[in-house]
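>>> One predicted model, sequence on top.
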Amino acid sequence: MGLFDSIKNNPVQASHPAQTSGNKTAEVVFTSLPESLEQFKALPQAQLANPFDTAAMTVLALCFYPQDRELSLSMLEYLRGPRPLSTMEKQFIRDRFMDKDYVPRSYFNGATPTNDYLPSEPYTIRVSENPYSYQDKGYAKLYLKSGGADSPRAVQLRLAKDGKWYLWDQFLLAGIREPESSNPWA
């Protein structure tokens, strides 16, 4: 079974930049999703050549947590490079998934509370910068819009000596609106 019920084993992807409001926004497109760590590492975005790709790959890695925790954590470890996840960070991630497995997939285009956060295809994540994104040398703070939140959420990335952008911190797992199917008031 694939990550989102309708996934096929075809790891073809592309990234398409877009411009909005004078700040750079990139649409990172996954035409299909990986099913293993090897396929994850083989994605073009896994080269971590720019912070936009690394931010989108973070969402993808978190989406695997509900169905395969070890795979998700391995993907996150890859994105973090030489800085492994601490026990406390792993516990934090586990706690956020106790009753809200839909939060990471809410960052894909088309995923809203009305459709239980099922993303549209091709699987696209919009990642944006703002005038303050590169205030600290060697770091980037980029923002992703969730279909269930009113304001974008941040991902912080760090540029390493090898020229790759690694995941430094993520603020993507905060609560969002419940899917309508599980909300008795919707």
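Structure's in. What do you need?

>>> can you give me the end-to-end distance of stretch 147-160?
Start and end residues of stretch 147-160 are separated by 32 Å (Cα to Cα, to the nearest Å).

>>> err, stretch 162-173, not the other one
Start-to-end span of stretch 162-173 (Cα to Cα) is 29 Å.

>>> Tell me the buried residues in that stretch?
Neighbour-count burial for stretch 162-173 flags Lys164, Trp165, Tyr166, Leu167, Trp168, Gln170, Leu172, Leu173 (criterion: 16 or more other Cβ atoms under 10 Å). For glycine as for every other residue, the C-beta is placed from the backbone atoms N, C-alpha and C.

>>> go on, stretch 88-96?
For stretch 88-96, the neighbour count (16+ other Cβ under 10 Å) marks Ile93, Arg96 as buried.

>>> Next, give phi and psi for the residue positioned nearest the centre of the chain.
Centroid check for the chain by Cα atoms, centre = their mean gives Val59 as the closest residue, at 1.3 Å. Backbone geometry at Val59, expressed as degrees, to the nearest 10, gives phi -60, psi -50.

>>> now it: how far from Ala154?
As for Val59, its distance to Ala154 is 12 Å (criterion: Cβ to Cβ, to the nearest Å).

>>> Repeat that for Asn115.
Separation of Asn115 from Ala154 (Cβ to Cβ) stands at 25 Å.

>>> what about this protein, any weak spots by pLDDT?
Counting by pLDDT under 70, the chain contains low-confidence ranges at 1, 3-22, 186.

>>> Helix, strand, or coil at the nearest residue to Leu37 once chain neighbours are set aside?
Ranked by Cβ to Cβ, 6 or more residues apart in numbering and with sequence neighbours excluded, the top spatial neighbour of Leu37 is Ser74, at 5.1 Å. Using DSSP: H, G, I helix; E, B strand; the rest coil as the criterion, the local structure at Ser74 reads helix.

>>> wait, Leu43 sits on Pro34?
Yes: if you go by Cβ atoms under 8 Å, Leu43 and Pro34 touch, sitting 6.4 Å apart.

>>> Looking at the two, which is more packed in?
Neighbours were counted for Leu43 and for Pro34 using other Cβ atoms under 10 Å; Pro34 has more, 24 against 19.

>>> Leaving out sequence neighbours, find the closest residue to the more buried one.
If the residues on either side of it in the chain are set aside, Pro34 comes closest to Phe40, at 4.4 Å by Cβ to Cβ, 6+ apart.

>>> Restricting to C-alpha, output stretch 23-37 in CSV.
Provided in CSV are the C-alpha atoms of stretch 23-37 (Å, rounded to 0.1, in the frame of the first residue of the first chain):
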residue,chain,number,x,y,z
ASN,A,23,9.6,37.0,-2.4
LYS,A,24,10.7,33.7,-3.9
THR,A,25,8.2,30.8,-3.8
ALA,A,26,9.1,27.4,-5.1
GLU,A,27,6.7,24.7,-6.0
VAL,A,28,8.4,21.3,-5.4
VAL,A,29,6.6,18.7,-7.3
PHE,A,30,6.6,14.9,-6.7
THR,A,31,4.8,13.1,-9.5
SER,A,32,4.9,10.0,-7.3
LEU,A,33,6.2,9.2,-3.9
PRO,A,34,9.0,6.9,-2.7
GLU,A,35,8.3,3.7,-0.8
SER,A,36,11.8,3.1,0.7
LEU,A,37,14.7,5.1,2.0
